[in-house]
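Asker: Sequence first, then the predicted structure:
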Amino acid sequence: MIFAVVEDSRSQAEVLKALLKSEGYQVEVFSDGNSCIEALKTRSFDFFVIDWTLPDIGGDEVLRHVRETCGWEVPVIFCTARTGEEDASDILRLGADDFIPKPIRYMEFMARVHALLRRRTPRPAMLQLGSIEIDLEGRRIRLAGSDIDLTQREYELALILLRNVGRVLSRDELLTSVWVRDAGVDTRTVDTHASRLRKKLGLAGESGLMLSSVYGQGYRLDTVQQG
């Protein structure tokens, strides 16, 4: 999935880009509206994040081109310092799906992105990786057809790892994602849970997946050939 971020503040654009890339998305940044409109002549995007106030044209003009070129199924979020009720209604009436006020609260931003994606893309009820099967609706994981008894945190950590096969995930990233509301928890908790998952889910290669500790960085889950 490719995101177009139309934002003239370089620092703001880089933060949004890093957030989206951490979720596995591709991101292209445009520092003004016309460069985005020009790109739409030859390229397609799956999601737009648009600043209302741009150095050349208004974000509403970019939105008009997006709707004309990409249709109404492509999600669009506006980021704006205009927070009045009338401004919000204008954004939505012009064809945006949602808006988030500046300064951007990044956890809220990602939650709104995910909410729009859930509405538009039906998520599969099951995922299969190696001999591991994930029941997303029932929040259960099976190994070779047998249910594995996992705590809530173990399940959430396993799901993040299984959705990011081949990518190094830092301990801090995992800690923030899984234990966001738990005070007094440090990265040693990540190591403990990773060790438990390695045993419970056969992540030393038995399941067709190998969970490795990457020195000084974090963890990476890879597919392996079973003998």
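Answerer: Yep, that arrived.
Asker: Contacts for stretch 171-188 next, please.
Answerer: Among residues not part of stretch 171-188, those counted as contacts by C-beta atoms under 8 Å, 6 or more residues apart in numbering are 22, 107, 153, 156, 157, 160, 189, 190, 191, 193, 218, 219. C-beta: built from backbone N, CA, C; applies to glycine.
Asker: Make a ChimeraX selection of the buried ones in those.
Answerer: What follows is the ChimeraX syntax selecting those of the contacts of stretch 171-188 that are buried according to 16 or more other C-beta atoms under 10 Å:
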select :153,156,157,160,189,190,193,218,219
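Asker: Just flag the most distant two among the contacts of stretch 171-188.
Answerer: Using C-beta to C-beta, these reach their maximum pairwise distance at 107 and 191, which is 24.3 Å.
Asker: picking that back up, out of the contacts of stretch 171-188, which comes closest to residue 51?
Answerer: Using C-beta to C-beta, the shortest approach to residue 51 within these belongs to residue 107, at 19.4 Å.
Asker: Residue 216: what's it in contact with?
Answerer: For residue 216, counting by C-beta under 8 Å, 6+ apart, there are no contacting residues.
Asker: tell me what the worst-scoring helix or strand of the chain on mean pLDDT is packed against?
Answerer: Here the helix or strand of the chain ranked lowest by mean pLDDT, DSSP states H and E is helix 85-94, holding a mean of 74. Packed against helix 85-94, as judged by 3 or more C-beta pairs under 8 Å, 6 or more residues apart in numbering; DSSP states H and E, are the following elements: helix 59-70, strand 76-80, strand 98-101.
Asker: ok, now how distant is residue 95 from residue 9?
Answerer: 23 Å (C-beta to C-beta, to the nearest Å).
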